[in-house]
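pasted the sequence and its predicted model underneath.
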Amino acid sequence: MTLAIAMALFVGVLVGVSRQFNGRLSLSTSPMIASFWNHIVGFVFLTLVGLIAGGLLPPGISDIPWYVWLGGPIGVIFVASGSWLIIRIGAVNTALLVIGGQIISGVALDLFLGSPMALSASAGGVLLILAGVALTQRR
Amino acid sequence: MPATRPNPLHLLLAFLSGGLLTLMIHFNGELGRYGNALFSSWAAHATGSIAATILLALLYLLHQPVAAPLSKPPLWAYLGGISGAATVMLTSAAVNTPLALTGAIALGLAGQVTFSLAADKWGLFGLPSRKMTLRDAGAIVLILAGSALVILFGKGAA
């Protein structure tokens, strides 16, 4: 269990490290160029892992609906916006505001998809997040 | 770069960015159902590389300043993609522990904020250091508490 907790915490660290690296690269280039290299380097790395581990191409690849492939292009904008933000408002503010947006839009998506949800807990959580976001905006 | 407080433009972009992340995780999760987590991340990086190339080409054709050669970036700065790719693999490993998806997500957010505190305090990996205020601390507590409430008691708890 300790190993599981350490792994889950480290996932968050990796997210932060990646944003820090891409932010540094965009300082010398631009957020879009940082996002470009992030995807190219990640692709090469995952290709190597896939060639070693195998099973990169699943059999049902032609059955995948077209819109599911949009995850990659969306990620390009996500990485570029994170790189733009972190050099302007810092790592803590970027992490907090993106997390806030992620959680609130996640609740909205679940409502849209009709996924089961404890509405009072979700509504309370959204209110707390909005209060925290308001606090970052006050001068 | 001056250490500014977030203004409404930053807030809007960050929230849109968080919304994009929700959509991206949703689509990549669907992609993973046809293969595995490695395939999902690999395919997303492939389509992302193509999309980024097209976007950069469009910016170039529109004569936008694609790159102002401010300074030469250190070589390690190009390696953010490896950390991003490793995130996907470690996530799928963490989800398959007794923590399950909700526990893994909640701890992941905690790890992310903890790292960002260290990054701002010491200016890690070439970005400027920033001082934390009491108000920042309040925002952290409120946003993390709200996120924990949604993740642990809101989603799928009904």
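Nice, thanks for sending it over.

doesn't residue B:63 lie inside a helix?
No - using DSSP: H, G, I helix; E, B strand; the rest coil, the assignment for residue B:63 is coil, not a helix.

residue contacts, residue B:145?
A:125, A:128 (Cβ atoms under 8 Å, 6 or more residues apart in numbering or on different chains). To be clear about C-beta, it is placed using only N, CA and C from the backbone, and glycine gets the same treatment.

what pLDDT does it get?
With respect to pLDDT, residue B:145 scores 94.

where's it relative to residue A:99, distance?
12 Å (Cβ to Cβ, to the nearest Å).

would you mind measuring from the most centrally placed residue in chain A to residue A:84?
Closest residue to the average C-alpha location of chain A: residue A:78 at 6.9 Å, with Cα atoms, centre = their mean. According to Cβ to Cβ, residue A:78 stands 11 Å off from residue A:84.

is it true that residue A:15 touches residue B:88?
No - here residue A:15 lies out of contact with residue B:88, judged by Cβ atoms under 8 Å, at a distance of 10.5 Å.

any stretches of chain A with poor pLDDT?
Along chain A, the parts satisfying pLDDT under 70 run over A:138-139.

roughly how far is the top helix by length along it from the heart of the chain?
What stands out as the longest helix in chain A, according to DSSP state H, is helix A:71-113. Distance of helix A:71-113 from its chain centroid, counting by Cα atoms, centre = their mean, to the nearest Å, is 6 Å.

output the contacting helices and strands for it.
helix A:2-28, helix A:31-53, helix A:119-137, helix B:8-34, helix B:37-61, helix B:100-122, helix B:134-148 (3 or more Cβ pairs under 8 Å, 6 or more residues apart in numbering or on different chains; DSSP states H and E).

what's the closest of those helices to residue A:69?
Closest approach to residue A:69 among the helices and strands packed on helix A:71-113 (Cβ to Cβ): helix B:37-61, 5.2 Å.

so residue A:126 versus residue B:145, what's the distance?
Using Cβ to Cβ, residue A:126 is found at 12 Å from residue B:145.

buried set for stretch A:80-100?
A:80-100 (16 or more other Cβ atoms under 10 Å in any protein chain shown).

cool, stretch B:143-153 as well?
Buried residues in stretch B:143-153, counting neighbours by 16+ other Cβ under 10 Å, are found at B:143-153.

and residue A:76, what is it in contact with?
A:35-36, A:39, B:48, B:51-52, B:55.

highest neighbour count among those?
residue A:35 (31 neighbours; other Cβ atoms under 10 Å in any protein chain shown).

pretty sure residue A:68 contacts residue B:24?
No - Residue A:68 is beyond contact range of residue B:24, at 10.9 Å (criterion: Cβ under 8 Å).

just for chain B, where's the confidence low?
Residues of chain B that meet the cut-off, pLDDT under 70, sit at B:1-4, B:64-70, B:156-158.

give me the most central residue, it.
Taking Cα atoms, centre = their mean, the centroid of chain B lies closest to residue B:21, which sits 7.6 Å from it.

quick one, what contacts that one?
A:78, A:98, A:101-102, A:105.

I'd like to know how many residues surround the nearest residue to residue B:18 once chain neighbours are set aside.
If you skip the residues right next to it in sequence, residue B:18 has residue A:101 as its closest partner in space, 2.2 Å away by Cβ to Cβ, 6 or more residues apart in numbering or on different chains. Close neighbours of residue A:101, defined as other Cβ under 10 Å, add up to 24.

and residue A:62, how many neighbours does it have?
By the measure other Cβ under 10 Å, the count of residues near residue A:62 is 6.

sorry, slip of the keys, the one I care about is residue A:53.
A count of nearby residues for residue A:53, using other Cβ under 10 Å, gives 12.

can you pull the contacts of it?
Counting by Cβ under 8 Å, 6+ apart, residue A:53 makes contact with residue B:38.

does stretch A:37-52 come close to chain B?
Yes - contact of stretch A:37-52 with chain B (Cβ under 8 Å from any Cβ of the partner chain) involves A:37-43, A:45-47, A:49-50.

among the residues you listed, the buried ones, what's the ChimeraX command?
Only the buried entries of those go into this ChimeraX selection, using 16+ other Cβ under 10 Å:
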select /A:37,38,39,40,41,42,43,45,46,49,50
